[in-house]
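> turn this into a structure:
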Amino acid sequence: MGTWKRKRARTFARRVAGHALVLAAACVACRSTPPAPDVYGVGSTVASVTLEDQFATAHTLDDRVSVVLFARDMEGGGLIKAVLAQHPDALAANRAIYVADISGMPALIARLSAIPKMKERPYPTLLDRDGTATAAFPSEPEKATLMRLSSREVTEIRFVASENELRAALGVRGE
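As a prediction, the model looks like this:
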């Protein structure tokens, strides 16, 4: 075999070995990635979870909860915050909890800025700091999620895009 053919054979072998390594790495990555959780829908039973609020008080989503207000982003959270600032008793009146997924927020900003500001609110905001407790909660970008529950079974899901819509869903009047 000539020199040119040997070089070509070595180059081919290196390429095949390189592709095999990339393929093997991709397979390992796929196997180690946990499956995406199923998103709750009407008829689903929501898992009982315990989360701390902005004051480090534990709250449990249990059979007594009738409404879950959920925000995964700042826009959805802003809608809920605006309505609850005017009607802080709406949570108790609806047997509701407000849950915020803050896993996308840098921990330093959460600890030094966001959570201290939340402590000024007269209502509890349950915080999912790592995103695992709310991974199955349905959401849409820039909207708040309202889930109605009966013994933790989802009976209704609404994606709320305005303060008026959220007020109406909670049965409170606008100011």
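
> could you chop this protein up by domain?
Listed by automatic domain parsing, the domain ranges of the chain are 1-33, 50-170.

> any idea which of the ones you listed scores lowest on pLDDT?
The minimum mean pLDDT among these belongs to domain 1-33 (a mean of 56).

> and the helices in this structure?
Under the criterion DSSP state H, the chain contains helices at 3-32, 74-86, 90-93, 107-109, 115-118, 163-170.

> hmm, who's touching the shortest one?
To tie it back to what came earlier, the one meant is helix 107-109. Residues outside helix 107-109 that contact it (C-beta atoms under 8 Å, 6 or more residues apart in numbering) are Arg129. Where C-beta positions appear, they are placed from N, C-alpha and C, glycine not excepted.

> could you rerun that using 10 Å?
For helix 107-109, the surrounding residues in contact (C-beta atoms under 10 Å, 6 or more residues apart in numbering) are Ile102, Ile115, Arg129, Asp130.

> looking at these, which is nearest Asp38?
Of all these, Asp130 has the smallest distance to Asp38: 18.8 Å, by C-beta to C-beta.

> in PyMOL, how would I select just the buried ones from the contacts of helix 107-109?
For the buried members of these, the matching PyMOL selection, counting by 16 or more other C-beta atoms under 10 Å, is:
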select buried, resi 102+115+129
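
> save the contacts of helix 107-109 as JSON lines, and put in distance to Val65 too.
Below are the contacts of helix 107-109 laid out as JSON lines (distance: C-beta to C-beta, whole Å):
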{"residue": "Ile102", "distance to Val65": "20"}
{"residue": "Ile115", "distance to Val65": "23"}
{"residue": "Arg129", "distance to Val65": "20"}
{"residue": "Asp130", "distance to Val65": "21"}
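
> which one of the contacts of helix 107-109 sits closest to Phe159?
Checking these against Phe159 by C-beta to C-beta gives Ile102 as the nearest, at 19.5 Å.
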